[in-house]
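[1] got a sequence here, can you build the structure:
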Amino acid sequence: MKIEIWSDVMCPFCYIGKRNFETALEQFEHKNELEVVWKSYQLDSNIPEEPKDSYQDYLVKNKGMSQEQVKGMLDNVTLSAKQVGLEYNFDKAVMVNSLNAHKFIQFAKTKGLGDQAEEKLFLAFFTEGKNIADIDTLVQIGKELELGEAEVKAALNDEKFVSLFKQDIQEARELGVQGVPFFVLDRKYGVSGAQPPQAFLENLEVAFDEWRKLNPETKLEVTQGQSCSPDGTCE
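    Prediction:
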């Protein structure tokens, strides 16, 4: 069963939602029958590629909130992150346009590394204070995922990955997604926000039960004979 997750790597609740969802998966007995696909979503396409504002100053300028209100909000989010084992350092966060990061994710997905790329970028942005629009930063993250420098740089200059990014955003519009994180289960159920693990688990169970009825398990009665297994054992 396919699960699609729309997310922006600069969204604090997306990282928290990822952790809560992973906690739910650990308790879900059919987790090996799930296909998790990360989808791009950009909260603000007008943020410049070069660092200009701190995270707090950006919110003050763009959300019409006072410094005190923003600080209180970020303190609360930091606490929420800590409760799921995440360290947020908003004072170190580098506010830049997330397009390059999304192109990197789209490329990583073609290598079966979408989830790992999301994790690395969340960590880089919220914990390590790295510039996720910077080519060298993305190349380094790529190396950590065993992706070559040349192929990462080529991907960041490939319009194909911009098209895939835009396609994800168009799909989100068609589904009525108005904020992230947003989880879509088998294109039947939507879960919005960083819900607690139990909420994810309950939705997974309902969606999977329906999916299983339409996709029953195939169980064969097997007559055993001499054969070879993938580990090289022949008997």
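[2] hey, where'd the helices end up in this structure?
    12-27, 55-63, 67-83, 99-110, 114-122, 135-144, 149-156, 159-175, 197-214 (DSSP state H).
[3] next, the angle helix 99-110 makes with the fifth one.
    Orientation note: helix 114-122 sits at an angle of 150 degrees relative to helix 99-110 (axes from the mean of the first three to the mean of the last three Cα atoms, to 10 degrees).
[4] what's the angle from helix 114-122 to helix 135-144?
    Using the same axes, to 10 degrees: helix 114-122 against helix 135-144 is 140 degrees.
[5] can you check the first one too?
    Direction vectors for helix 12-27 and helix 135-144, defined by the same axes, to 10 degrees, enclose an angle of 10 degrees.
[6] next: the last one.
    Helix 197-214 runs at 60 degrees relative to helix 135-144, counting by the same axes, to 10 degrees.
[7] can you pull the buried residues of helix 197-214?
    197, 200-201, 203-204, 207-208, 211 (16 or more other Cβ atoms under 10 Å). Backbone N, C-alpha and C define where each C-beta goes, glycine included.
[8] helices or strands next to it in the packing?
    helix 12-27, strand 182-185, strand 189-192 (3 or more Cβ pairs under 8 Å, 6 or more residues apart in numbering; DSSP states H and E).
[9] about what we covered before: can you add distance to Glu29 and pLDDT and give the buried residues of helix 197-214 back as JSON lines?
    Shown next, in JSON lines, are these (distance: Cβ to Cβ, whole Å; pLDDT from 0 to 100):
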{"residue": "Pro197", "distance to Glu29": "15", "pLDDT": "98"}
{"residue": "Phe200", "distance to Glu29": "14", "pLDDT": "98"}
{"residue": "Leu201", "distance to Glu29": "10", "pLDDT": "98"}
{"residue": "Asn203", "distance to Glu29": "15", "pLDDT": "98"}
{"residue": "Leu204", "distance to Glu29": "10", "pLDDT": "98"}
{"residue": "Ala207", "distance to Glu29": "14", "pLDDT": "98"}
{"residue": "Phe208", "distance to Glu29": "9", "pLDDT": "98"}
{"residue": "Trp211", "distance to Glu29": "14", "pLDDT": "96"}
